[in-house]
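K.L.:
this one's structure only:
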């Protein structure tokens with residue numbers, strides 16, 4: 001078989017005179033033709049030099065056997081290889097595999113950096129990326145294994161997502177204390193995903209990275225969908241429901257119009273919200289938002305029912321005005337933006353809310369208040385039938401003021417370094433700040449948030465709060481503080497399930513320490529409400545101060561006492577350490593372990609939703625034919641390299 005110039009990028013077989021395409025100089029089609037038609041296999045008889053070149057270009061560095069200090073050396077070599085450069089451009093920059101064949105600038109640029117010439121087949125390029133992804137997965141697996149040997153335990157966040165190809169995937173993230181995490185990629189879900197199937201997929205993916213759902217995972221953090229709640233009952237790990245979703249549901253309860261005809265169960269309502277956030281959001285053109293049905297929480301039902309209907313009626317009215325200008329380029333450019341440029345000096349567009357996007361209601365209303373004079377003038381020019389009175393404008397400003405601390409709280413909760421104690425301080429801020437306002441809406445919103453968060457707060461948060469400050473009482477805690485017996489039970493249960501070391505070494509107490517040591521924390525440090533903040537600080541600065549105080553009260557120094565006798569039971573050891581902790585403020589060996597376990601639990605499941613944004617960037621309408629394995633590896637690589645860039 002040879003390439004004839006008169007055929008261009010085509011090859012003609014000298015045996016049967018058939019012409020085949022060989023775009024980019026690829027030889028795959030010719031090899032397949034010779035093997036299937038003429039029973040000739042040139043790949044089996046290729047020269048050693050060609051074999052060496054092919055292997056060096058596609059095979060990954062064998063890193064599975066490299067552990068310890070050598071792993072950093074291997075990682076550096078991987079990052080400076082040709083495979084790494086191509087993988088970063090594919091996963092982080094979103095370049096298709098074919099671009100490396102068709103773009104001469106990219107090929108010359110990589111050669112100018114000292115790399116060998118790129119292969120001329122997109123399949124070879126794809127294989128290089130996939131092999132590099134497996135090599136990086138081996139490094140991550142080795143790192144997780146070292147952390148596990150050092151006594152670190154992990155928590156999980158996961159959620160499901162539907163691609164533009166109408167395929168369902170599940171993203172899984174592994175978290176440790178301090179905000180560090182690893183994204184394990186995307187798992188394909190075939191058909192429906194009941195709770196048992198979800199658990200099986202979790203176990204399979206975790207096993208690939210050397211993790212056990214029973215012995216290595218402290219807790220899972222998920223949304224409030226019914227299937228996720230069922231998953232929490234099927235696994236031995238604890239379950240933490242996402243706080244950010246709870247706050248968003250509270251906003252929906254108060255400010256979005258409700259129907260009294262039929263109200264879905266709480267789990268169904270949350271599942272509907274979560275499914276929408278997983279990539280099936282309704283478009284801005286749909287007007288069904290005004291007829292959404294919600295269930296009212298019993299604790300806040302009276303307050304929400306008594307709330308004036310003007311709030312629920314005003315939000316759809318503002319949304320209708322915003323849509324009028326957003327959906328008409330003529331009204332927006334020729335009328336509204338003319339007044340905006342004259343008043344502000346540059347164009348500023350209106351924003352439309354979505355019930356599945358957090359803080360979008362605040363953004364829409366705050367932008368509306370900023371441009372209120374321009375909007376009123378534009379509405380007169382276009383002869384709009386919808387009119388706003390001065391009292392309604394004041395009501396919109398009142399809603400914005402009530403939603404501002406909620407927006408700041410959600411942004412703070414979504415930070416990666418926030419654990420359950422910090423989340424408690426943030427939620428207290430979101431409750432206290434609206435209650436200080438004279439607005440009826442602000443107080444009602446605070447009550448709805450309290451009811452929603454109470455549903456989602458478990459004893460793990462109370463236990464971690466106790467391990468941060470033993471002097472916290474039920475009166476100091478915004479929510480129900482668990483009793484000492486419940487705290488002791490959680491500590492014992494976590495140690496039994498997660499502590500892989502010899503129990504005779506784990507049950508160490510600090511009874512030999514005298515009571516002369518003083519506790520480094522005080523009651524005043526544990527209560528964010530008692531903290532005095534300068535009046536000149538903005539709400540955002542006040543929230544930062546509250547979060548710093550919640551972190552500072554957890555700075556107790558662990559004290560390792562003498563190992564107890566083997567005959568001493570775990571319960572007695574934990575009781576002794578809790579007594580020592582109450583007297584001195586120093587955590588013993590067992591309490592310190594549990595404290596490290598619980599600080600790995602994230603307060604929200606937003607990391608999984610960030611992965612969905614990544615998958616949406618990679619799986620566009622122009623790249624809807626990516627295989628499941630390619631999506632998995634590319635999402636994993638993008639998360640890995642984005643973390644290393646920060």
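P.N.:
In hand now; what should we look at? All values derive from a computational prediction rather than experimental measurement.

K.L.:
domains in this protein, as residue ranges please.
P.N.:
As recorded under automatic domain parsing, the domains making up the chain are 5-45, 57-142, 151-242+605-645, 246-276+283-413, 458-521+556-598.

K.L.:
Make JSON lines out of those and add mean pLDDT.
P.N.:
Formatted as JSON lines, the domains of the chain follow (pLDDT from 0 to 100):
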{"stretch": "domain 5-45", "mean pLDDT": "69"}
{"stretch": "domain 57-142", "mean pLDDT": "79"}
{"stretch": "domain 151-242+605-645", "mean pLDDT": "89"}
{"stretch": "domain 246-276+283-413", "mean pLDDT": "76"}
{"stretch": "domain 458-521+556-598", "mean pLDDT": "70"}
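
K.L.:
Could you export those domains as a markdown table, including mean neighbour count?
P.N.:
In short, each C-beta sits where N, CA and C put it, glycine included. Listed next are the domains of the chain as a markdown table, based on neighbours: other Cβ atoms under 10 Å:
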| stretch | mean neighbour count |
| --- | --- |
| domain 5-45 | 13 |
| domain 57-142 | 17 |
| domain 151-242+605-645 | 19 |
| domain 246-276+283-413 | 17 |
| domain 458-521+556-598 | 18 |
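
K.L.:
Of those domains, which is nearest residue 424?
P.N.:
Among the domains of the chain, domain 458-521+556-598 comes nearest to residue 424, with 6.3 Å by Cβ to Cβ.

K.L.:
Would you mind giving the secondary structure of residue 248?
P.N.:
Here residue 248 is recorded as helix under DSSP: H, G, I helix; E, B strand; the rest coil.

K.L.:
So which of the domains of the chain is nearest residue 437?
P.N.:
domain 246-276+283-413 (6.5 Å).

K.L.:
so how far is the first residue of that closest one from its last?
P.N.:
Using Cα to Cα, to the nearest Å, one end of domain 246-276+283-413 lies 11 Å from the other.

K.L.:
just how off-centre is it within its chain?
P.N.:
The chain centre lies 25 Å from the centre of domain 246-276+283-413; the measure is Cα atoms, centre = their mean, to the nearest Å.

K.L.:
got CSV for the domains of the chain, with distance to residue 545 too?
P.N.:
Conversion of the domains of the chain to CSV gives the following (distance: least, Cβ to Cβ, whole Å):
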stretch, distance to residue 545
domain 5-45, 60
domain 57-142, 36
domain 151-242+605-645, 20
domain 246-276+283-413, 12
domain 458-521+556-598, 17
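
K.L.:
would residue 159 count as being in a helix?
P.N.:
No. Residue 159: not assigned to a helix; according to three-state DSSP it is strand.

K.L.:
Thought residue 169 was touching it, still the case?
P.N.:
No. With contacts defined as Cβ atoms under 8 Å, residue 159 does not count as touching residue 169, sitting 9.8 Å away.

K.L.:
the strands in the stretch 251-400 of the chain, which residues?
P.N.:
With strands called from DSSP state E, counting those that start in this stretch, the stretch 251-400 of the chain shows none.

K.L.:
Sorry, wrong one. I was asking about the chain.
P.N.:
10-12, 19-21, 154-162, 168-175, 181-189, 217-222, 238-241 (DSSP state E).

K.L.:
For residue 134, which of the ones you listed is the nearest?
P.N.:
strand 181-189 (11.1 Å).

K.L.:
The closest one to strand 168-175, inter-axis angle?
P.N.:
For strand 181-189 against strand 168-175, the angle by axes from the mean of the first three to the mean of the last three Cα atoms, to 10 degrees is 160 degrees.

K.L.:
tilt between strand 181-189 and strand 154-162?
P.N.:
Using the same axes, to 10 degrees: strand 181-189 against strand 154-162 is 40 degrees.

K.L.:
Run me through the strand neighbours of strand 181-189, direction for each.
P.N.:
Applying DSSP bridges, strand 181-189 is found paired with strand 168-175 (antiparallel).

K.L.:
what's in contact with the partner strand?
P.N.:
By Cβ atoms under 8 Å, 6 or more residues apart in numbering, the residues outside strand 168-175 that reach it are 144, 154-163, 181-190, 193, 198, 201-202, 205-206, 209, 211, 600-602, 607-608, 611-612, 615, 628, 631, 635.

K.L.:
With stretch 111-118 instead?
P.N.:
By Cβ under 8 Å, 6+ apart, the list of residues contacting stretch 111-118 reads 56, 57, 82, 85, 86, 100, 101, 107, 110, 125.

K.L.:
ok, now with 7 Å
P.N.:
The contact list for stretch 111-118 (Cβ atoms under 7 Å, 6 or more residues apart in numbering) reads 82, 85, 100, 107, 110.

K.L.:
Any chance of CSV for the strands of the chain, columns distance to residue 436?
P.N.:
Converted to CSV, the strands of the chain look like this (distance: least, Cβ to Cβ, whole Å):
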stretch, distance to residue 436
strand 10-12, 77
strand 19-21, 72
strand 154-162, 33
strand 168-175, 34
strand 181-189, 35
strand 217-222, 30
strand 238-241, 28
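
K.L.:
quick one: which of those strands is nearest residue 351?
P.N.:
strand 154-162 (24.7 Å).

K.L.:
How far away from the center of its chain is that closest one?
P.N.:
8 Å.

K.L.:
on contacts alone, who are the packing partners of it?
P.N.:
strand 168-175, strand 217-222, helix 606-618 (3 or more Cβ pairs under 7 Å, 6 or more residues apart in numbering; DSSP states H and E).

K.L.:
Quick one: list the elements packing against the longest helix along the chain.
P.N.:
Ranked by residue count and defined by DSSP state H, the top helix of the chain is helix 122-149. Under the contact criterion of 3+ Cβ pairs under 7 Å, 6+ apart, helix 122-149 touches helix 48-58, helix 70-79, helix 82-91, helix 628-645.

K.L.:
neighbours around residue 451, how many?
P.N.:
As a burial measure, residue 451 scores 21 neighbours (other Cβ atoms under 10 Å).

K.L.:
Could you tell me how far it is located from residue 425?
P.N.:
Distance of residue 451 to residue 425, computed by Cβ to Cβ, to the nearest Å: 19 Å.

K.L.:
hang on, isn't residue 177 packed against residue 600?
P.N.:
Yes. Contact criterion Cβ atoms under 7 Å: residue 177 and residue 600 qualify, at 4.7 Å.

K.L.:
Start and end of stretch 576-590, how far apart?
P.N.:
Rule used - Cα to Cα; the end-to-end distance of stretch 576-590 is 10 Å.
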